[in-house]
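In: Sequence first, predicted model second:
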Amino acid sequence: MAYEVAAPKYVRLAQTLQGRIEDGTYPPGSRVPSENQLVQAFGMSRPTVVRALELLKRDGWLESRQGFGTIVRGRPEVAERKVQRGREVLDRQEDRASGRLVEVRQVPVPPRVAALLGVPRTAQVLLRRLLIEADGEPVELSSSYFPAGMVEGTELGDSALLAEGLRAHLEARKKVRFDHVTERVSARIPSREEAGLLEMAEGEPVLSVLVLACDASGQALQVTDVLLPADRQELEETYRLD
């Protein structure tokens, strides 16, 4: 049995603030809200707020300036080099992607996805599955799950490719706003169906990047399971040493 471990509160707050820097809510050179304002806005304790700000300063997103408070530096060079699968999933235009839509249907919600979406395990959710190819070879299987409330009034249930990203589509039609993404990376053996779509031999592992996309309140809007054949991937990250 797999257990979901939520990220610490200070990490979730840091991710939210980072997202607001990236979308221009807090532009470079501006001051971020004071500790007191952040405590009131997010309902978190001062130590949690302080720790989140320290994390962003350490990673180069923020800096302290005497007499000015905490200032936004913008996206650090290290972050520019980091692959953000969640952003790719949300912003990818299906009709321009090098792949095909292989499945769109209502399915029983997988237990792990039910916990993340906050829906009953007996619920039905919409599955929208996209297979990405490169040089004629499948390199990614992206399975997005949407609760019923997010599907009504959208084109997510249609079998036609979307001419815009999932985020843009939902924000325009459901009047929601995506605020932050949490990614959880693990390795597993794919199902027979998944292995077949990825043209993998039985028993070969995949990297699973579970993308949880939320609004500012932390409510999950969609969950996407991105499968990458392990033998076709190389992960690299550059980071500072304290």
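Out: Arrived safely.
In: Flag the shaky bits of this protein, pLDDT-wise.
Out: For the chain, the stretches with pLDDT under 70 are 1-7, 77-83, 232-242.
In: Kindly report the domain assignment for it.
Out: Domain assignment for the chain, taken from automatic domain parsing, gives 9-77, 85-232.
In: Tally up the residues packed near the nearest residue to residue 166 once chain neighbours are set aside, please.
Out: Distances taken as Cβ to Cβ, 6 or more residues apart in numbering place residue 90 nearest to residue 166, at 5.4 Å, with adjacent residues excluded. C-beta coordinates here come from the backbone N, C-alpha and C atoms, glycine included. Neighbour count of residue 90, defined by other Cβ atoms under 10 Å: 23.
In: Same check on residue 96?
Out: 10.
In: all helices for the protein, in order.
Out: All helices of the chain, identified by DSSP state H, fall at 9-22, 35-42, 46-58, 77-80, 85-91, 111-117, 148-151, 166-174, 192-197.
In: Residue 102: which of those is closest?
Out: helix 192-197 (6.2 Å; Cβ to Cβ).
In: which helices and strands does that closest one pack with?
Out: strand 137-146 (3 or more Cβ pairs under 8 Å, 6 or more residues apart in numbering; DSSP states H and E).
In: mind listing what's buried in the strand it packs on?
Out: Of all the residues in strand 137-146, those buried under the rule 16 or more other Cβ atoms under 10 Å are 138-146.
In: Tell me what angle that strand forms with helix 166-174.
Out: 30 degrees (axes from the mean of the first three to the mean of the last three Cα atoms, to 10 degrees).
In: on that earlier part again, turn the helices of the chain into JSON lines, columns for distance to residue 230.
Out: Output for these, formatted as JSON lines (distance: least, Cβ to Cβ, whole Å):
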{"stretch": "helix 9-22", "distance to residue 230": "26"}
{"stretch": "helix 35-42", "distance to residue 230": "37"}
{"stretch": "helix 46-58", "distance to residue 230": "30"}
{"stretch": "helix 77-80", "distance to residue 230": "25"}
{"stretch": "helix 85-91", "distance to residue 230": "15"}
{"stretch": "helix 111-117", "distance to residue 230": "19"}
{"stretch": "helix 148-151", "distance to residue 230": "31"}
{"stretch": "helix 166-174", "distance to residue 230": "25"}
{"stretch": "helix 192-197", "distance to residue 230": "12"}
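In: Which one, of the ones you listed, ends up nearest to residue 206?
Out: Within the helices of the chain, the stretch nearest residue 206 is helix 192-197; the backing value is 7.3 Å (Cβ to Cβ).
In: That closest one: which residues count as buried?
Out: Buried, per 16+ other Cβ under 10 Å, within helix 192-197: 194-195, 197.
In: With stretch 85-97 instead?
Out: Within stretch 85-97, the residues that qualify as buried are 85-90, 92, 94, 97, counting by 16+ other Cβ under 10 Å.
In: and it, how far apart are its ends?
Out: 14 Å (Cα to Cα, to the nearest Å).
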